[in-house]
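In: below: sequence and its predicted model.
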Amino acid sequence: MEIITKFNIGTGDMLPALMEEVTREKFSALVSTGTIEKYIDDKFDRKVLMADLNNIANQVLVVYVDNKPAGYAHITAKGQKPEVLGSKRGIRLAEFGILQQYNEDAVRLSLFEKCMLVTKSYDGVWINEYAESSLISFFESKGFVPQDESFGLEGLPLPAKCLVKLRV
């Protein structure tokens, strides 16, 4: 199995479809179909997506397994910064998801390591993840620390946790 993670260049048809599929898989058991579809329509609207991808404050990474898109991560400077970062330079891992059929340690690790490489010039990285996500333990095992504050999931009525990885 060949695993490679790289920057997404342009949107094409692959990225929106991948984002939508990951979102459906991740949240379908947690919220209604109507809620997911509205979230997808709002969040992955082509104009919004193009604007995000053409904004220097955003990066999208895609992990491929045997040349098939398997997951993605969205890194952005947007979003409310956790208090623990204070005046430090922080960056947010806004989305991190892998399709269920590829959800293996090696795939997750490839995407994560590329995210950490891209964000290495920052003092800290944070992520808001829904509270029951299996990714929470993964991020904690990689040095992310749960915070007392949480910023929600921007459009989904789910409890969330904020995790921060500080670089010393």
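Out: Happy to help now that I have it. Residues are numbered from 1 along each chain as shown.
In: which residues of this structure fall in helices?
Out: 14-27, 33-43, 46-53, 105-118, 135-141 (DSSP state H).
In: for the second one, packing partners?
Out: Packed against helix 33-43, as judged by 3 or more CB pairs under 8 Å, 6 or more residues apart in numbering; DSSP states H and E, are the following elements: helix 14-27. Heads up, the C-betas are built off the backbone N, CA and C, glycines and all.
In: mind giving me the packing neighbours of the helix it packs on?
Out: Against helix 14-27 (3+ CB pairs under 8 Å, 6+ apart) you get helix 33-43, helix 46-53, strand 58-65, strand 68-76, strand 90-98.
In: weakest of the helices of the chain in terms of mean pLDDT?
Out: Among the helices of the chain, helix 46-53 carries the lowest mean pLDDT, a mean of 76.
In: and stretch 154-168, which residues are buried?
Out: For stretch 154-168, the buried set under the neighbour-count rule, 16 or more other CB atoms under 10 Å, comprises 156, 158, 160-166.
In: same question for stretch 100-117.
Out: Of the residues in stretch 100-117, those buried (16+ other CB under 10 Å) are 102, 107-108, 110-112, 114-115.
In: for Ser110, give me its contacts.
Out: 3-5, 63 (CB atoms under 8 Å, 6 or more residues apart in numbering).
In: ok, so of these, who is nearest Thr23?
Out: Within these, the smallest distance to Thr23 is 15.9 Å, found for Val63 (CB to CB).
In: ok, now how distant is Glu154 from Asp42?
Out: Separation of Glu154 from Asp42 (CB to CB, to the nearest Å) stands at 9 Å.
In: apologies, that question was intended for Gly155.
Out: Counting by CB to CB, the gap from Gly155 to Asp42 is 6 Å.
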